[in-house]
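output the structure for:
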Amino acid sequence: MSVGVARDVLRMVGPARTVLHVVPWLVRRRYIFYALTLPVADRSSSGGVDLTIATDQDLARLAWIRPQMYTLSQIEERIRDGHLPLIARRGEAVVHIRWVFTRTVYVPYLRRRLVLEDGDVLLDEIYTLPEWRRTGVERAVAVAMPPLLYRMGYRRVLGIVASWNLAPQRVAESFGYVRLGSCGYWTLPGLRRHIWEGAVEERPDGMVIVGRRAPAGREHTTGVV
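Numbering: from 1, shown residues only. Next up, the predicted model:
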């Protein structure tokens, strides 16, 4: 976890939860997989948020907002690969950004490549600017995003949330996202043991498929790397 990301986490959850939940999570990491099947019921109100695909003029701003995550050249490479940066505004102010990955994609924090079926997209790297948190922005974007993706031909949205990060889990569940399973790993010097449960499965080649049920009633490990 970089210094910039750590600063964001501390700002989001406060010092007590950071020490009691986030720090232990750095040793035993766990991520929850969610899925939303489209279309969903129209909730009509966008909460004053305008959600669009970022234009060429927005790309430098995206890199400036999250310099610890990616550079302008990395953003441009993602777009060439078919992935979608979404940007939300209230009036002229940029309030929220998120990525929708549209093809098989390497997820660096899992150190695994996620296989996306036709019609599936992966929602990741969700970020609300600090001054706009707790103002209803996340909920407004959650209303606006499904119809936008459905009109583009997508039929299921996948999401991955760190287990300590409860706020986006509550938002996801309130909008009909279903918990599919989880993955995680113990991380010690020179040792990493992956653990998968639920409808999340790793193939022998290291590719991860979402929607395939793991052995019933127990977690399973996929080796040490």
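
would you map the helices across this structure?
Secondary structure of the chain by DSSP state H: the helices cover 3-17, 23-25, 59-65, 72-80, 137-151, 166-174.

tell me which of those helices sits most buried.
helix 137-151 (a mean of 19; mean count of other Cβ atoms under 10 Å). (Glycine included, C-beta is placed from N, CA and C.)

tell me which of the helices of the chain approaches G91 most closely.
Counting by Cβ to Cβ, G91 lies closest to helix 137-151 out of these; the figure is 12.5 Å.

before we move on, the earlier item: dump the helices of the chain into JSON lines; add mean pLDDT as well.
Output for these, formatted as JSON lines (pLDDT from 0 to 100):
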{"stretch": "helix 3-17", "mean pLDDT": "59"}
{"stretch": "helix 23-25", "mean pLDDT": "77"}
{"stretch": "helix 59-65", "mean pLDDT": "93"}
{"stretch": "helix 72-80", "mean pLDDT": "95"}
{"stretch": "helix 137-151", "mean pLDDT": "93"}
{"stretch": "helix 166-174", "mean pLDDT": "88"}
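
let me see the confidence value for V157.
If you check V157, the pLDDT there is 95.

correction: R113
90.

need the contact list for it.
T104, V105, Y106, V107, G206, M207, V208 (Cβ atoms under 8 Å, 6 or more residues apart in numbering).

so which of the residues you listed sit within strands?
Among the contacts of R113, the members found in strands (DSSP state E) are V105, Y106, V107, M207, V208.

any of those buried? List them.
V105, V107, V208 (16 or more other Cβ atoms under 10 Å).

picking that back up, and the ones in strands among the contacts of R113, which is closest to L148?
V105 (19.3 Å).

so who does the closest residue to the closest one other than its chain neighbours touch?
Distances taken as Cβ to Cβ, 6 or more residues apart in numbering put L114 closest to V105, at 5.6 Å, once the chain neighbours are dropped. Shown in contact with L114 (Cβ under 8 Å, 6+ apart): F101, T104, V105, Y106, V107, L122, L158, M207, V208, V210.

who's L114 bridged to?
Listed by DSSP bridges, the beta-bridge partners for L114 are V105, V208.

quick thing: my sequence starts at 24, can you match it?
Yes, from this point I'll number from 24; that puts the last item at L137.

how near is the residue nearest the centre of the chain to P227?
The residue lying closest to the centre of the chain (Cα atoms, centre = their mean) is D147, at 2.5 Å. Distance of D147 to P227, computed by Cβ to Cβ, to the nearest Å: 25 Å.

one more: T94?
34 Å.

of the contacts of R136, closest to N188?
V130 (15.6 Å).

so for that closest one, what pLDDT did the model give?
pLDDT, read off for V130, is 91.

same deal with G199?
We have a pLDDT of 92 for G199.

in this structure it contacts V63, no?
Yes - the pair G199 / V63 is scored as a contact, 5.8 Å apart, by Cβ atoms under 8 Å.

ok, back up a step: contacting residues for the residue nearest to the centre of the chain?
R121, W122, F124, V130, G182, I183.

thinking again about what came up before, between T94 and P227, who's got more neighbours?
Neighbour count, other Cβ atoms under 10 Å: between T94 and P227, T94 has more, with 10 against 7.

roughly how far apart are the nearest residue to the more buried one once chain neighbours are set aside and T210?
Using Cβ to Cβ, 6+ apart and skipping the chain neighbours, the partner closest in space to T94 is A86 (5.9 Å). Note on A86: its distance to T210, by Cβ to Cβ, is 28 Å.

having no further points to raise, I will conclude here.
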